[in-house]
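In: sequence first, predicted model second:
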There are 2 protein chains.
Amino acid sequence: MRDVARAAGVSIGTVSKALNNAGSLKQETRERVTEAARSLGFRPNDLAQALHRGQSFTVGLISNDSFGRFTMPILEGLESVLYEERIAVFMCNATDDPERERQHIEQLMGKRVDGLVFTARRADKRPNLGVDLAGLPTVFVFSQSDDPHSFCLLPDDEGGAYLGAAHLITNGRRRIAHVTGPERFEAVQLRRDGCRKALADAGVPIRSNWFLSGEWSESWGRQAVDILFDDPDDVPDGILAGNDQIARGILDALRDRGIDVPGAVGVVGFDNWGVMAEAARPTLTSIDMNLNALGQEAGRRILAMIGGKRFSGVERLPCTLVVRESCGAKSKTTA
Amino acid sequence: MRDVARAAGVSIGTVSKALNNAGSLKQETRERVTEAARSLGFRPNDLAQALHRGQSFTVGLISNDSFGRFTMPILEGLESVLYEERIAVFMCNATDDPERERQHIEQLMGKRVDGLVFTARRADKRPNLGVDLAGLPTVFVFSQSDDPHSFCLLPDDEGGAYLGAAHLITNGRRRIAHVTGPERFEAVQLRRDGCRKALADAGVPIRSNWFLSGEWSESWGRQAVDILFDDPDDVPDGILAGNDQIARGILDALRDRGIDVPGAVGVVGFDNWGVMAEAARPTLTSIDMNLNALGQEAGRRILAMIGGKRFSGVERLPCTLVVRESCGAKSKTTA
DNA sequence: GTGAAAGCGCTAACAA
DNA sequence: TTGTTAGCGCTTTCAC
């Protein structure tokens, strides 16, 4: 900066004003300074600026998902929104270790981040680590905190499952099963509730023995088919899966049994995981949690919080139905 | 810091020394300061420190993979290594847009990152954007630069494919096919070379019409089986797939045809993509590119470069064979 | 063994 | 309209 001032023949304060489009300066001076800066390849030092202004233009993202499949779209959405405001994102992997998480938070606070975003493998409660965040803007995405004062952004699992079940019903299915993941996940419970509700609202009978809970795997999906289709006289004609892997397993097992999809049975997945859904035979209709949008919203909220706003409680963003072939409906996307 | 100095009844310089275990201080003073800092919840400001020292303890990672499946393990490895040295990682998504990439670099340089890591969807050449990195430590992981002076870290695709083909041969296969992705990928060519070499080294005949190039998809894998098994009197007994999706497609198609795997045909995949390989029937033996290790190595190199070392050229890290059921061998992992 | 002070690069308030 | 200057919070050299 000193060099630029010298080259442009002005004071150092003037350079600052010129480069920040601040204060009042003669147009000619402004240009002269800008030109000098450019030709010297001058790049202002954000650290110094941050030190002075007390704002670092950085945000930390702490994940315990080891940066998995769910974290990525969230990060992507978050980054894209923050980038527009010239804020950069620190990525930290806490690998489910509370101590490591604490250290990461310490490190980020040392770096004077303007905000903190927490995310996780699954949207389950996360114990409050005794770190004093000192009023630092914080949002939990796809993740929840113990602390009722904190702000959590989640997909509307219940609504998503409702959409999926309703889609099955719309396409003429009346004997609907639900094959999902481990009971301990809140998402499992919410999705089941959504499914039940859709059936109830449509006057479709609910068969409790067709609501199966297992693992988030293809192999569980296959097993579930063995259970559901054990008695050939009493089989479902529509299945809502708890995720796309389960759905894929279901599809494969039905295929093995020579059961036509979507002819005899309609299947809907959850997650809308591209590679999985597109490669399935038939291609899989699925519920999209819109994680990218969730990440974007997290970004907007953090920005608002940095601007002084406060949020708390849990907010849920809508899921979307992505129609492919496994239900026999015309292909489209609906909310 | 001023507050700590006051509380401990010492000068501000003494606080700095005490907290950094630097200089020579009476043990008692050191403790008194440390205690005061703790009780005041004092956290040193890294920005000020960085400003003074000219080192920010940050590194930028620029991806054009939209943070996809390959970026994640790399990021994970990188972050874990850098974290040990108290260096935090900025994540930037360039989404294949050179202009955006340039802006990200500008932003990161403004933040005075100590190093830059580039990564990409696939290990293909990346044009040099005309940004002057001013000698900033830079490494390309799973990605290459035009500039011969730059340093690139890649998986040994050729060696990996060699491993896979050799494994087929070891397990008694002599009629080996290779089904891979689009010709334009360097990885496709390297893997094919590796496959060829393994066959040649073992004196196994190479059937050019069994070397098939298509897409990186399950559906292409299925199609390829239709081609390879068209003439029932002349079919392969071992297939090396270019990636796990293709392998999965192959497995499904063979299953549909009632061809036993690994009995009649052995299949080896590439990528060792957990969800894909584990869910396959039979589970898929695959080549692992060890991307996490690649990320770790990138971290170590960046650290060395920050320490003054220079590297250039292309280095390739070995792939690993992960044995599951699709080849009929006992389960194990070998380099 | 400890304190004082200069300075990292920048901004903002105040003078000129 | 422009220059001067006092810090932002820290490290480090040099006195004491």
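Out: Now that the structure is in, tell me what you want to look at. Residues are numbered from 1 along each chain as shown, chains lettered A, B, ... in the order given.

In: how close does residue A:314 get to DNA strand C?
Out: From residue A:314 over to DNA strand C the distance is 36 Å, taken as Cβ to the nearest atom of the strand, to the nearest Å. For glycine as for every other residue, the C-beta is placed from the backbone atoms N, C-alpha and C.

In: hmm, I was thinking of residue A:160
Out: Counting by Cβ to the nearest atom of the strand, the separation of residue A:160 from DNA strand C is 45 Å.

In: from what I see, that residue and residue A:287 are in contact.
Out: Yes: using Cβ atoms under 8 Å, residue A:160 is in contact with residue A:287, at 4.3 Å.

In: how far does stretch A:94-101 sit from the chain's center?
Out: 20 Å (Cα atoms, centre = their mean, to the nearest Å).

In: report the contact partners of residue A:318.
Out: A:155, A:156, A:159, A:160, A:290, A:335 (Cβ atoms under 8 Å, 6 or more residues apart in numbering or on different chains).

In: tell me the pLDDT of it.
Out: If you check residue A:318, the pLDDT there is 98.

In: can you pull the phi/psi pair for it?
Out: Main-chain torsions, residue A:318, degrees, to the nearest 10: phi -70, psi 150.

In: try residue A:2
Out: Residue torsions, per degrees, to the nearest 10, at residue A:2 are phi -60, psi -40.

In: what of residue A:60?
Out: phi -100, psi 140.

In: output the set of residues of the stretch 201-335 of chain A in proximity to chain B.
Out: A:217, A:218, A:219, A:245, A:248, A:249, A:252, A:275, A:278, A:279, A:281 (Cβ under 8 Å from any Cβ of the partner chain).

In: which of these fall within strands?
Out: The strands, defined by DSSP state E, take in nothing from those.

In: of the residues you listed, the lowest pLDDT goes to which?
Out: Among those, residue A:275 has the lowest pLDDT, at 92.

In: residues in contact with the residue nearest to that residue when sequence neighbours are not counted?
Out: Closest residue to residue A:275 apart from its sequence neighbours, by Cβ to Cβ, 6 or more residues apart in numbering or on different chains: residue B:245 at 6.7 Å. Contacts for residue B:245 (Cβ under 8 Å, 6+ apart) come out as A:275, A:279, B:216, B:217, B:218, B:221, B:273, B:276.

In: relative to residue A:67, which of these is nearest.
Out: residue B:273 (14.9 Å; Cβ to Cβ).

In: nearest residue to the closest one in space, please, no chain neighbours.
Out: Closest to residue B:273 by Cβ to Cβ, 6+ apart is residue B:244, at 4.5 Å.

In: sorry, back to before: and the contacts of residue B:245 as CSV, adding neighbour count?
Out: Formatted as CSV, the contacts of residue B:245 follow (neighbours: other Cβ atoms under 10 Å in any protein chain shown):
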residue, neighbour count
A:275, 18
A:279, 21
B:216, 19
B:217, 18
B:218, 26
B:221, 31
B:273, 21
B:276, 22
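
In: widest-spaced pair of the contacts of residue A:318?
Out: Top of the distance list for those (Cβ to Cβ): A:155 and A:335, 12.5 Å.

In: out of the two, which sits in the busier spot?
Out: residue A:155 (26 against 10; other Cβ atoms under 10 Å in any protein chain shown).

In: the closest residue to that one other than its chain neighbours: neighbouring residues, count only.
Out: Counting by Cβ to Cβ, 6+ apart, residue A:289 is the residue found nearest to residue A:155 once chain neighbours are left out, at 3.9 Å. Look at residue A:289: counted by other Cβ under 10 Å, it has 26 neighbours.

In: next up, phi/psi of residue A:289, please.
Out: In terms of degrees, to the nearest 10, the main-chain angles of residue A:289 are phi -80, psi 0.

In: ok, it - contacts?
Out: For residue A:289, counting by Cβ under 8 Å, 6+ apart, the contacting residues are A:155, A:157, A:160, A:271, A:272, A:319.

In: grab the nearest non-local neighbour of the residue sitting nearest the centre point of chain A.
Out: What sits nearest the mean C-alpha location of chain A, by Cα atoms, centre = their mean, is residue A:291, with 3.0 Å. Closest residue to residue A:291 apart from its sequence neighbours, by Cβ to Cβ, 6+ apart: residue A:73 at 3.9 Å.

In: where does the one you found sit: helix, strand or coil?
Out: The three-state assignment at residue A:73 reads helix, by DSSP: H, G, I helix; E, B strand; the rest coil.

In: looks like it contacts residue A:295 (just checking).
Out: Yes: between residue A:73 and residue A:295 there is a contact under Cβ under 8 Å: 6.4 Å.

In: more neighbours, the two?
Out: residue A:295 (28 against 22).

In: the more buried one touches residue A:82, doesn't it?
Out: No: using Cβ under 8 Å, residue A:295 is not in contact with residue A:82, being 9.7 Å away.

In: can you confirm whether stretch A:32-51 lies near chain B?
Out: Yes: counting by Cβ under 8 Å from any Cβ, chain B has neighbours in stretch A:32-51: A:41, A:43, A:44, A:45, A:46, A:47, A:48, A:50, A:51.

In: pLDDT below threshold where in chain A?
Out: A:123-124, A:127, A:129-130, A:330-335 (pLDDT under 70).

In: got the domain ranges for it?
Out: Per automatic domain parsing, the structural domains of chain A span A:2-44, A:56-155+A:291-318, A:157-290+A:321-334.

In: quick one: end-to-end length of the second one, please.
Out: Yep, that's domain A:56-155+A:291-318 we're talking about. Length of domain A:56-155+A:291-318, first residue to last, Cα to Cα, to the nearest Å: 33 Å.

In: likewise for the shortest one?
Out: Taking Cα to Cα, domain A:2-44 runs 11 Å from one end to the other.

In: can that domain be found next to DNA strand C?
Out: Yes: Domain A:2-44 comes into contact with DNA strand C (Cβ under 7 Å from any atom of the strand), by way of A:2, A:12, A:13, A:16, A:17, A:19, A:20, A:22, A:44.

In: out of those, the closest to chain B would be?
Out: Nearest to chain B among the residues of domain A:2-44 next to DNA strand C, counting by Cβ to the nearest Cβ, is residue A:44 at 6.3 Å.

In: for the closest one, grab the count of nearby residues.
Out: Neighbours of residue A:44 using other Cβ under 10 Å come to 15.

In: where's the closest residue to chain B within the stretch 101-250 of chain A relative to residue B:120, distance?
Out: Closest to chain B within the stretch 101-250 of chain A is residue A:218: 3.9 Å, counting by Cβ to the nearest Cβ. According to Cβ to Cβ, to the nearest Å, residue A:218 stands 30 Å off from residue B:120.

In: check the offset of stretch A:112-128 from the chain's centre.
Out: 12 Å.

In: pull out the buried residues from that stretch.
Out: Buried positions in stretch A:112-128, judged by neighbour count with 16 or more other Cβ atoms under 10 Å in any protein chain shown: A:112-123, A:126.
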